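Participant: My questions concern the predicted model and sequence given below.
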There are 2 protein chains.
Amino acid sequence: MRLKEKHEITEVAEALSHFEGFLRRRGFKVTRTRLLIAERALSMPGHFSAIELWGALRDRGTSVATVYRTLDLLAEAGLVRRCTLAGTSGAIYESCLGRRRPHGHLVCRNCGRAIEFKSQGLETELQRIAEAQSFCLEEAVIQGIGLCSRCRKALS
Amino acid sequence: MRLKEKHEITEVAEALSHFEGFLRRRGFKVTRTRLLIAERALSMPGHFSAIELWGALRDRGTSVATVYRTLDLLAEAGLVRRCTLAGTSGAIYESCLGRRRPHGHLVCRNCGRAIEFKSQGLETELQRIAEAQSFCLEEAVIQGIGLCSRCRKALS
DNA sequence: GTGAGTGCAAATGCTTTGCATGATG
DNA sequence: CATCATGCAAAGCATTTGCACTCAC
C-alpha cells in the first residue's frame, strides 16, 4: 500500500513535468491553475466527468470553463482520454496513467460504473473490417451495456 | 428499383401496424401525430437525429417535444434504435427495418457519415468477456472512428 | 508591458418538462 | 366526456464563448 501510493505519486509528478514540457513546446503558458487542474485530474480515481473534476477543485475558485479548456490540453498532451459512454449524455475522462491500452468498457446501466477490459483481439478484428472498406481506423470504441454482477444480484 | 420501393413501402406499412398494436396493447392512444412521426421516422434513409426528423415534419406543425416523445415510444416498440456515436454530441436514431443485427459503425470524423458492418463475431467475443466478469451484457456498442475512404482521398 | 490565461456570466445545442388546449377512446 | 396527447415556451444540462481583468514571460 505504502509502495503503491509512492509509485502513484511519482507517476503523477512525472506526468506533470511531461505536461509542463508540452505547454512550453507549444508556446502555451505554464500557469498555476493549469498545473493544479492537471494534478487533480491525474489523481482522480477511475473515470470522471468534467463537472466532477470541477467539484474536486471548488475550494480553489477555479471556473468550469477553465477546467474544460485544460482537459482539452491534457487530452492533446496524451495524459487524459475523453470518451463517451454509450447510453449516457456528456463526456467522461480517464487518466492515461497506468492504464493498459487498448481497453474497452462494460458500462452498468444501473450504477453507471465502467469496468475496463483488454480489447486487443477485438481491436485487431475491427482493424481488419475497417481495412476491407478502406476506412482509416484511428480509434476504436468497444463497449458493453448491461448490469454489473453487483447490480445484477441487487435487482433480482 | 420498382420492386425495391414497393418492398420498402410494404415494410413501413407493416411496421406501422405493429406500432399501432403496440400502442393499443400498452393503453396509449393511436393518434394522427404519432402515426405521422412513425411513418416519417421509418422512411428516413440511414441515420438521423431527432432534429433532422423534426425538419422533415416542419410542414405539419409538429413540435420537437412530440418528436422526442414519439421516438421514445418507437424505440420501446423496437422499431427504431437510439445510439450515441462516439465523438459526437447528441443521439442519433436508426430505423430497425431491413437492418441486419448485430452491426457496428465506422464513423467518419470528417463527414460524419456512419458505415455499418456486421459484428456477429465481435459481439460473441464481447459476450465471452462479459461472462468472465459475471456482467450481464444487454447491448454491445462497437464503433470505429477515423476517415472514410472518400474523405481520406479528399484530405490527402 | 504585452499577450495569453482566467473567471464570470451569458450563449449554445440538445433534450425534457409544465401547463393550457385539443383530440381520442 | 374524461383522459391522454399535443404544442408552446420555459427549464435543464453539459459545454462553449465573449469579455474585462490578471498573470506569466
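Facilitator: Ah, there it is.

Participant: Around DNA strand D, which positions in chain A sit nearby?
Facilitator: A:29-32, A:49-51, A:64-65, A:68-69, A:72, A:89-91 (CB under 7 Å from any atom of the strand). Where C-beta positions appear, they are placed from N, C-alpha and C, glycine not excepted.

Participant: Now do the strands in chain A.
Facilitator: Assigned by DSSP state E, the strands in chain A fall at A:47-48, A:80-83, A:92-95, A:103-108, A:114-118, A:136-147.

Participant: show me the contacts for A:Ile92.
Facilitator: With contact set as CB atoms under 8 Å, 6 or more residues apart in numbering or on different chains, A:Ile92 has these partners: A:His47, A:Phe48, A:Ser49, A:Arg82, A:Cys83, A:Thr84, A:Leu85, A:Ala114.

Participant: redo that, cut-off 7 Å
Facilitator: A:His47, A:Phe48, A:Ser49, A:Cys83, A:Leu85 (CB atoms under 7 Å, 6 or more residues apart in numbering or on different chains).

Participant: Count the residues that sit near the fourth one.
Facilitator: Which is A:Cys83. By other CB atoms under 10 Å in any protein chain shown, the residues close to A:Cys83 number 17.

Participant: ok, it - contacts?
Facilitator: So A:Cys83 contacts A:Ala91, A:Ile92, A:Glu94 (CB under 7 Å, 6+ apart).

Participant: by contact count, what packs against the top helix by length along chain A?
Facilitator: In chain A, assigned by DSSP state H, the helix with the most residues is helix A:2-25. Contacting helix A:2-25 under the criterion 3 or more CB pairs under 7 Å, 6 or more residues apart in numbering or on different chains; DSSP states H and E are the following elements: helix A:32-43.

Participant: hang on, A:Leu97 packs against A:Ala41?
Facilitator: No. At 10.1 Å, A:Leu97 does not count as touching A:Ala41 under the criterion of CB atoms under 7 Å.

Participant: what comes up buried for the helix or strand of chain A with the lowest mean pLDDT?
Facilitator: Lowest on mean pLDDT, DSSP states H and E among the helices and strands of chain A sits helix A:2-25, with a mean of 85. For helix A:2-25, the buried set under the neighbour-count rule, 16 or more other CB atoms under 10 Å in any protein chain shown, comprises A:Val12, A:Ala15, A:Leu16, A:Phe19, A:Glu20, A:Phe22, A:Leu23.
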